[in-house]
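S.K.: Just need the structure, nothing else, for what follows:
(3 chains)
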Amino acid sequence: MTRHILSVDQFDRTYLQNLFDHADRLRHLPRSSQRSRLSTSILATVFYEPSTRTRLSFESAMARLGGSVLSVENANESSSATKGESIEDTARMLQGYADAVVMRHPEPGTPERASRVIDIPVINAGDGSREHPTQALLDLYTISNELGDIDNLNIAIVGDLKYGRAPRSLALLLCQTRGTQVTFLAPPAVPVGDDIKQALERNGVRHREATSFEEIKDADVVYQTRIQRERFSDEESYERSRGYYVIDRSVMDTLKPNAIVLHPLPRVDEISPEVDDDPRAAWFRQAENGVYVRMALLDQLLG
Amino acid sequence: MTRHILSVDQFDRTYLQNLFDHADRLRHLPRSSQRSRLSTSILATVFYEPSTRTRLSFESAMARLGGSVLSVENANESSSATKGESIEDTARMLQGYADAVVMRHPEPGTPERASRVIDIPVINAGDGSREHPTQALLDLYTISNELGDIDNLNIAIVGDLKYGRAPRSLALLLCQTRGTQVTFLAPPAVPVGDDIKQALERNGVRHREATSFEEIKDADVVYQTRIQRERFSDEESYERSRGYYVIDRSVMDTLKPNAIVLHPLPRVDEISPEVDDDPRAAWFRQAENGVYVRMALLDQLLG
Amino acid sequence: MTRHILSVDQFDRTYLQNLFDHADRLRHLPRSSQRSRLSTSILATVFYEPSTRTRLSFESAMARLGGSVLSVENANESSSATKGESIEDTARMLQGYADAVVMRHPEPGTPERASRVIDIPVINAGDGSREHPTQALLDLYTISNELGDIDNLNIAIVGDLKYGRAPRSLALLLCQTRGTQVTFLAPPAVPVGDDIKQALERNGVRHREATSFEEIKDADVVYQTRIQRERFSDEESYERSRGYYVIDRSVMDTLKPNAIVLHPLPRVDEISPEVDDDPRAAWFRQAENGVYVRMALLDQLLG
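M.R.: Okay, here's the model as predicted:
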């Protein structure tokens, strides 16, 4: 196991099982016991692309473990970046100040570049359209937590499968599961990539592409995602994709009674708020699970 | 008593007395005892409108109580906001990360909207021109602390009474006091609103409008406020109001020897720095009191 | 000894020796012992000019000592600043919230203005092109730590000696050393100022100006600095200065085997990354030393 968290490729079954067990243990500890675990550690959260949700989730995890946080909310406007410092130099600086670095960057591979020159753990919190490995971990942990298993499930991934790094990372992580059937349901402009399909095939995961909610009515998990407006070059193309597959009351009615619906959030209008009270609506529990998974991750890396 | 702090309407005499007593107790505790009170709690401060003063005051209060803070300095530029997330979704996310939320927002009623969907306390740190309830609490606490009483006082409220939410919230809170005489002294363009006057009348608080400092020379408390430039549509109108009622040495000379002068800060030039050393100048003590009142508030909500 | 840290002028030999000894002690304490030193203190870091490096260095120092931080990353865009509050009023507000203030400001003398009206320590973290006293402290501490002595050394200061406050502050601090030979090597557009040369002369420090790396081949310390692009009025003039004195493998080959090369960072291209692995390349150790020196400073001021 590497010390850096850069890609879902690095997680195997044993790692996942240990991490999820550890998350379960930590979430049930009294707050005072949680707090004693990393009370002398310092985490730097460095975001070159804004992300309130992911940043606060990591910072909440570190606070619960009793650690300290050095926060750079807009690293792209920071003095080092505007003065032309390389990411390698920034990473070496951070190594002098903190015990681990959480980094989001619009350019794929940047967290990995940072990880190559320093010894403290670097955690990829999203690199462009490529990966968001801790999101995939919390997604799979939520499936495990809600359904009691990560194997033999029928999982539908819906929405922007071209630009979304969350569905991309989840699909890749599903390579570690057994007996899984993945169904992709994407607007025509943002289909799932061939690389994802090939990875699933290499790992013996069955997959297919659907064109209606009717085709995913047997799903155990429906993973809805936002159309990534900021990655579209023109507004018209965005508008065509948005609203293509919206989950509302009538779609919920077609799903199994024990299915769960997930969403990495934030949502715009791809899930109607009218279904928020449905017990199968798991997206806010999923967000909270992010804190427990990141607590487990930080505790394993720094504890 | 509600768990949320949204409006001065919700405070009654008993609440105020308990809160002020608690603030008195906390401020005199040794730092190490203060720190042990909320050592496992997490506060999120989320500002959709910048406010160094109010944000740092809450964060200082939380730090003294030993708690942790998740800070969003420019929530309006945050990823969730720019991606189109609703305030309800943002609130539910925050509930997964923190134990209480302090929120400032330019649109009146937004903290209340957040409070309707979550169980953790939401504290309104200013919603547009409407309310700023914790400012009113620290203002009244300062009056109590400086003068030993909150009843039977002659209180002059000066400056921008149209756009200023601090004088508005204080006036409403004075409905809880007895034997109070309120005098409003505002430039013609920014008079006190009829709703405030009606609220005072309903609660039997005497009030009148003045047009010169001469008319408030018997005041026990002079509450000066800044003309809210950012709420004026044109510069000329702002300039006419600014400088209308400035407190300088000659005005101080007309006030009673045991009066106090307050200001919610920041000030521009409505109080001349030449009077900063006057013992009746209480505005910096008032700012410090904000920390104690917010400590008491957080301790009651989370302790 | 004053409680404020405003200028290198205020440091004498005794102060430096105590501070460096204290930094040595603190860095070798176990983390849990470090943490117990300032566990009830609050530091405000207020930056009117962005500086990820200096801000995080102070915040890391405070976190290691167990204290809390109130952070204002972009004070120039803060509500107080944009509403027209004076620096004196801002300082008095901060005094109500924190136990010490670290301040960076583009206008020389601003931290000193703040220090005149409050009792808590104010630490100058850079005021325009004037001074950056804690940078000079960490630079001299690094020399002491790397070479075992601060006296009888041949020290070359290279790069932007006109606009750079780091080389300026270091040169002034060298007035406290004995037997020092300072050599300045600056592009023609950004020479060392007469005030610096006169200060050195008043203190009996030998100095000279060089025009090639050949002339500094006997240096014990080479202090390279970045051309301060943001202080140039035109791009052409910046380009002429940049690239004038670059340290690459061939320059390293001319230096003594036991010399050290320092840089206050961030660097752009004035040191080639190809020499990062040279054992004489001390700039990342220097950055880390900043945390220990600032721990010692904060511990002396607040402990």
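S.K.: in chain A, what spans have low per-residue confidence?
M.R.: Scanning chain A with the threshold set as pLDDT under 70 gives A:1-2, A:79.
S.K.: 50 instead?
M.R.: Scanning chain A for pLDDT under 50 picks out A:1.
S.K.: mind checking the longest helix of it?
M.R.: The longest helix of chain A (DSSP state H) is helix A:283-302.
S.K.: how about it: buried residues?
M.R.: For helix A:283-302, burial by neighbour count (16 or more other Cβ atoms under 10 Å in any protein chain shown) applies to A:283-284, A:286-302. C-beta here means a position set from N, CA and C on the backbone, and glycine is covered the same way.
S.K.: And for residue A:267, nearest residue in space, chain neighbours not counted?
M.R.: Nearest residue to residue A:267 in three dimensions, chain neighbours excluded: residue A:226, at 6.0 Å (Cβ to Cβ, 6 or more residues apart in numbering or on different chains).
S.K.: Distance check, that neighbour against chain C.
M.R.: Distance of residue A:226 to chain C, computed by Cβ to the nearest Cβ, to the nearest Å: 28 Å.
S.K.: Does that residue touch residue A:159 like I think?
M.R.: Yes: Residue A:226 is within contact range of residue A:159, at 6.6 Å (criterion: Cβ atoms under 8 Å).
S.K.: Now for the two: what residues contact both?
M.R.: Shared contacts of residue A:226 and residue A:159 (Cβ atoms under 8 Å, 6 or more residues apart in numbering or on different chains): residue A:270.
S.K.: between those two, who's got more neighbours?
M.R.: residue A:159 (31 against 24; other Cβ atoms under 10 Å in any protein chain shown).
S.K.: Setting aside sequence neighbours, what's the nearest residue to that one?
M.R.: For residue A:159, the spatially nearest residue (Cβ to Cβ, 6+ apart) is residue A:225, at 3.6 Å.
S.K.: Quick one: residues contacting that neighbour.
M.R.: By Cβ under 8 Å, 6+ apart, the contact set of residue A:225 is A:157, A:158, A:159, A:160, A:161, A:164, A:166, A:167, A:263, A:264, A:270.
S.K.: got it, and residue A:163?
M.R.: Contacts for residue A:163 were tallied using Cβ under 8 Å, 6+ apart; they are A:129, A:190, A:228, A:231, A:232.
S.K.: repeat for residue A:176
M.R.: Neighbour list for residue A:176: A:11, A:12, A:13, A:16, A:203 [criterion: Cβ under 8 Å, 6+ apart].
S.K.: Looking at the contacts of residue A:225, spot the one nearest residue B:69.
M.R.: residue A:264 (25.2 Å; Cβ to Cβ).
S.K.: burial measure for that closest one, as a count.
M.R.: Residue A:264 is flanked by 27 other residues according to other Cβ under 10 Å.
S.K.: could you say which helix or strand contains it?
M.R.: Following DSSP states H and E, one finds residue A:264 outside all helices and strands.
S.K.: tally of neighbours for the residue nearest to it when sequence neighbours are not counted?
M.R.: Leaving aside its chain neighbours, residue A:264 sits nearest to residue A:166 (4.0 Å; criterion: Cβ to Cβ, 6+ apart). Neighbour count for residue A:166, taken as other Cβ under 10 Å: 25.
S.K.: so which strand or helix has residue A:166?
M.R.: Element membership for residue A:166 (DSSP H and E) is helix A:165-173.
S.K.: who does that helix touch, helix- and strand-wise?
M.R.: For helix A:165-173, the packing partners by 3 or more Cβ pairs under 8 Å, 6 or more residues apart in numbering or on different chains; DSSP states H and E come out as helix A:133-147, strand A:154-158, helix A:194-202.
S.K.: Of the ones you listed, flag the one that's most buried.
M.R.: Highest mean neighbour count among the helices and strands packed on helix A:165-173 (mean count of other Cβ atoms under 10 Å in any protein chain shown): strand A:154-158, with a mean of 25.
S.K.: That one vs helix A:165-173, what angle?
M.R.: Relative orientation of strand A:154-158 versus helix A:165-173 (axes from the mean of the first three to the mean of the last three Cα atoms, to 10 degrees): 150 degrees.
S.K.: May I have the strands that pair with strand A:154-158, each with its orientation?
M.R.: strand A:181-185 (parallel), strand A:221-224 (parallel) (DSSP bridges).
S.K.: any chance of those in a markdown table, plus mean neighbour count?
M.R.: As requested, those are exported to a markdown table (neighbours: other Cβ atoms under 10 Å in any protein chain shown):
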| stretch | mean neighbour count |
| --- | --- |
| strand A:181-185 | 22 |
| strand A:221-224 | 26 |
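S.K.: what are the phi and psi values for residue A:207?
M.R.: Taking degrees, to the nearest 10, you get phi -150, psi 160 for the backbone angles of residue A:207.
S.K.: Those residues of chain A touching chain B, which are they?
M.R.: A:31-32, A:34-35, A:49-53, A:56-57, A:59-60, A:63-64, A:71, A:73, A:226, A:229-230, A:265-268, A:273, A:284, A:287-288, A:290-291 (Cβ under 8 Å from any Cβ of the partner chain).
S.K.: Mark which of those residues are buried, thanks.
M.R.: Buried among those (16+ other Cβ under 10 Å): A:34-35, A:49-53, A:56-57, A:59-60, A:63-64, A:71, A:73, A:226, A:229, A:265-267, A:284, A:287-288, A:290-291.
S.K.: The residue nearest to residue A:267 and residue A:252, how far apart?
M.R.: Between residue A:226 and residue A:252 the computed distance is 18 Å (Cβ to Cβ, to the nearest Å).
S.K.: residues contacting the most far-flung residue of chain A relative to its centre?
M.R.: Of all residues in chain A, residue A:83 has its C-alpha farthest from the mean position, at 31.3 Å, by Cα atoms, centre = their mean. For residue A:83, the contacting residues are C:226, C:229, C:230, C:266, C:268, by Cβ under 8 Å, 6+ apart.
S.K.: now residue A:249
M.R.: Contacts for residue A:249 were tallied using Cβ under 8 Å, 6+ apart; they are A:272, A:274, A:275.
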